[in-house]
Structures are given as C-alpha cells and as structure tokens.
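Chemist: Take a look and give me a structure for this.
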Amino acid sequence: MSWKRRCSRGLLMIALATSGSLFAHAGELKDLKINIPRRSKLTPVQRLNREGVEAIRKHKFSKAEKLFYKAYLYDPGDAFTLNNLGYVSELQGQIERAQRYYQLAAEQSSDAVIDLASAPEIKGRPMKEAVALTNAPLQINHANVEAVRLLSQGRAPEADLALQQALKSDPRNIYTLNNMGVAKEMEGENQEALKYYDEAAVAAQPNATAVVTTNSSWRGRPVSQMAEENAKLLRQHLGRAQDVREQVAELNLRGVSAVNRNDLRTADADFRKAYALDPNNAFTLNNIGYVYELEGDQETAQFYYEHARQSMDANAVVGVASRRTAEGKKLFAVAEDNTSRVDTRVAQQRQTLQRQNEPVALRRRDNSIVEESTQPPNPSTPSIQPQQQQ
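Modeler: As a prediction, this is how the structure comes out:
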C-alpha cells in the first residue's frame, strides 16, 4: 500500500496590501494635494504580489516564487513581498531564510489592510497581525515540511522524531497528526498509525488543506479528508488475511523501528515472533544477530549473521535498516559486512585478554563472571575418574 500520497502539511498565509492607512492622514494637510489611484490601478509591486498569491492558490509554486522575486527587485523593502518570499522559503524547507524574510517583513509592516490572501480568515486584517501570525507556528510548519521530505526518502524514524517535537508544541495540529500516522505506518506500527489518522480526521480545522504533498492530486483538498482516507486504506489492509511472508516482513519492520528507538527488548520480541513464523528468513536471522551484537554476544551474533548470509532469500534488497549505509544493499552483503565486523571485534577482544596475561574467566550471557568457588558440587559427578583402556 502506497504511503507517499499521504504526506501533507499546513502553510501560513501570504498577503497582498492595497491602499490603506498609508493615506489615512492625508486629508489633514490642507495645502497638500495627493492623487490617490483608483483601486483597480495597482502598482507593479502590488500587481506582482497579487499574481503570486493567485498562483499559490492554484498550487503553482514555482511561478509564484518568480513573481515575488520580481516584486522584490522593484521594492526590496515592501513588507508584503518580504512576507511572501518568507512563505516560499518556508515551503521549500529553508527555515533560516524564511525567518529572515519574516523578520524583515515585521520591521517594515504597517497597518495597511490585506486585500488578498491565501488564507481567507486574514483578509481585511492589518499587515502587522498577519506577520505576527506568521512567526508563531513557524517551527511546527518547518517540522512538517522536513517530515514530508524524510518520508519521501523512506526515512520514517527520523520523521517520527521531528514530528514528536512538533506535537509537544501543538498536540492538535492536524498536519502533524496525519504525517505522524504516515510515519508510524511506514515503521510497521499500524495501530499507532490508526490512532493518529483518526485524531487528524476529527480535528476541528476545516480550513486546513494539503499544500506540500508527494501526490499532487491531494493538493488543495482538506487534510481531514486525507487522514480519513488513510485510516480507511490501512484498515482495509489489516482486514485482509496476510500470508506468512507479509507477517514476517511487518514484524521485522516493527523490530527495526524499535532498534532505532533503542528499545532492544521490543525489537528482540518482534524478531523472535518473525523467527517463529519463518526460521529461515534472512532478514530475521540478520536482525536477531544484530540484537545479539548490540548486547555484546559476538559469537551468537556471528552465528546468525552466517546463517543469514547462506539463506535462500539473501539476495533480497534491504529497504529499512538501523544503519543508513545498509539500505539498498543486498542482504547477503550486509550480513557479510556484519560477520566481518564481529570477527574483527572478537579478535581484538582475544588480543586484549592475551596482553593481560590473565586466565580466561567463565562468564554468563549478561557478561557477569561465574565464581567457581561458589558453585555447588554436582552430585552426579562420578568420584572415579575415567581411565584409558589398555
């Protein structure tokens, strides 16, 4: 089931000013005559900003960016142009540049009234209010832009972490909730994904529409509708009877996600469930070996790596891995690298023990030393030592 169509995020407004308080006090100067242009006659900067806003509303972002930069060349100090350039930078995920443009817009902002905006709720409001609204949720928007980028690259654990931080600031943000659902689904955490999808579907944000998404057909549509569709598709997927191979794949995916969260106990449990279903699955064998390696049991890790390398499906390509360098490689190559790494580590440990010139201690699986003096004698041990037959 494709997850790329389900990435979305919300964006802030862009505004266009018309004649406002700039001429509010002109009538007080009796000797000063000012010809105010008609409303339909816009300055080049106003016209370019208006066209840019219209392009944004039609989701033609590249065209909008060019129009805003043309307006900037006419007047680098125009607050509305600066705000709009900040919006485009934010759309591109360039958070520092966006903040800089928004800061410049705040310094230049006035009480001029917004005539046209991509968000209808700020139409008719002063520019100063729009700039204030822009700065407030900027970090949340950036987290969602970054999450969409990471999800499109299959980097769900990293997206998960970014979205967790965003949810701390705004637990009810509909874009963050939907994107978190996508991340959880990619990580194999299907029940968690459904929870986030359902929360996004009922979130009271009717004006929230998808702007940044990997599927252009969703742009401009309500995010709540997108989340509802995501939940529906996932439930249909879970309702179908899965064969053993699909179950093993999902358990391995969940286990890898648990490793990325440093939850080795959960990871080991998922890998063991996968092993019970298919003890010859190369991914499962490699993953179990990796957990043993992390726990310091190099010999057992080596045993599983070797079996993974010799498995029938060792030619399969690695998709999601705890190490980014392993993604895209064939599994037998990954298992071979793991084996070589473990061999090197075991050899180093042996050399260290030899240099210490101390007797090798008997150790338990948790690496604790077995005190031989405290071990009770085995009553079944014969008192007469075996003799060699003549």
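
Chemist: Just the pLDDT at Thr134, thanks.
Modeler: Listed pLDDT for Thr134 reads 52.

Chemist: Oh, that last question was meant for Leu67, not what I typed.
Modeler: pLDDT, read off for Leu67, is 94.

Chemist: how far away is it from Ile56?
Modeler: 9 Å (Cβ to Cβ, to the nearest Å). Heads up, the C-betas are built off the backbone N, CA and C, glycines and all.

Chemist: so what's Leu177 up against?
Modeler: By Cβ atoms under 8 Å, 6 or more residues apart in numbering, the contact list for Leu177 reads 167, 196-197, 199-200, 203, 227.

Chemist: Give me the secondary structure label for it.
Modeler: Under DSSP: H, G, I helix; E, B strand; the rest coil, the three-state class of Leu177 is helix.

Chemist: Give me the spatial nearest neighbour of it, chain neighbours excluded.
Modeler: Distance criterion Cβ to Cβ, 6 or more residues apart in numbering; nearest residue to Leu177, sequence neighbours excluded, is Ala200 at 3.8 Å.

Chemist: how deep is the one you found tucked in, by neighbour count?
Modeler: 28 (other Cβ atoms under 10 Å).

Chemist: In the strand or helix carrying it, which of the residues would be classed as buried?
Modeler: Assigned by DSSP states H and E, Ala200 falls within helix 190-201. Across helix 190-201, burial judged by 16 or more other Cβ atoms under 10 Å covers 190, 192-201.

Chemist: swap in stretch 157-164?
Modeler: Result for stretch 157-164 [16+ other Cβ under 10 Å]: buried residues 157-160, 162-163.

Chemist: cool, stretch 75-93 as well?
Modeler: For stretch 75-93, by 16+ other Cβ under 10 Å, it's 75, 78-91, 93.

Chemist: still on that earlier bit, show me what the helix holding Ala200 packs onto, helices and strands only.
Modeler: Applying 3 or more Cβ pairs under 8 Å, 6 or more residues apart in numbering; DSSP states H and E, we find helix 190-201 packed against helix 174-186, helix 223-239.

Chemist: Of the ones you listed, which stretch is the most buried?
Modeler: Highest mean neighbour count among the helices and strands packed on helix 190-201 (mean count of other Cβ atoms under 10 Å): helix 174-186, with a mean of 28.

Chemist: quick one: it to helix 190-201, angle?
Modeler: Helix 174-186 and helix 190-201 are oriented at 160 degrees to each other (axes from the mean of the first three to the mean of the last three Cα atoms, to 10 degrees).

Chemist: Let me know the angle separating helix 174-186 from helix 223-239.
Modeler: Using the same axes, to 10 degrees: helix 174-186 against helix 223-239 is 20 degrees.

Chemist: Low-confidence bits of the stretch 1-150 of the chain, can you list those?
Modeler: 1-40, 93, 95, 109-124, 127-138 (pLDDT under 70).

Chemist: all strands of it, in order?
Modeler: 15-17, 114-117 (DSSP state E, counting those that start in this stretch).

Chemist: among the helices and strands packed on helix 190-201, which is nearest Leu285?
Modeler: Smallest distance to Leu285 across those (Cβ to Cβ): 23.1 Å, for helix 174-186.

Chemist: Just the mean pLDDT for the closest one, thanks.
Modeler: 92.

Chemist: CA atoms only: put that helix into CSV for me.
Modeler: In CSV, the C-alpha atoms belonging to helix 174-186 read as follows (Å, rounded to 0.1, in the frame of the first residue of the first chain):
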residue,chain,number,x,y,z
ILE,A,174,-3.9,18.3,12.0
TYR,A,175,-0.9,18.3,9.7
THR,A,176,1.4,16.9,12.3
LEU,A,177,-1.1,14.2,13.3
ASN,A,178,-1.6,13.0,9.7
ASN,A,179,2.1,13.0,9.0
MET,A,180,2.8,11.1,12.2
GLY,A,181,0.3,8.5,11.1
VAL,A,182,2.2,8.1,7.9
ALA,A,183,5.5,7.7,9.8
LYS,A,184,4.0,5.1,12.1
GLU,A,185,2.5,3.1,9.3
MET,A,186,5.9,3.1,7.5
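
Chemist: thought Thr209 was touching Ser224?
Modeler: No: if you go by Cβ atoms under 8 Å, Thr209 and Ser224 don't touch, sitting 9.7 Å apart.

Chemist: what ranges do the helices span in the stretch 51-200 of the chain?
Modeler: Using DSSP state H, counting those that start in this stretch, the helices of the stretch 51-200 of the chain run over 61-74, 79-91, 95-108, 127-135, 138-152, 156-169, 174-186, 190-201.

Chemist: out of the ones you listed, which comes closest to Asp297?
Modeler: Of those, nearest to Asp297 by Cβ to Cβ is helix 156-169, at 24.6 Å.

Chemist: Quick check: mean pLDDT of that closest one?
Modeler: When pLDDT is averaged over helix 156-169, the result is 90.

Chemist: same deal with stretch 246-265?
Modeler: On average, stretch 246-265 scores 87.
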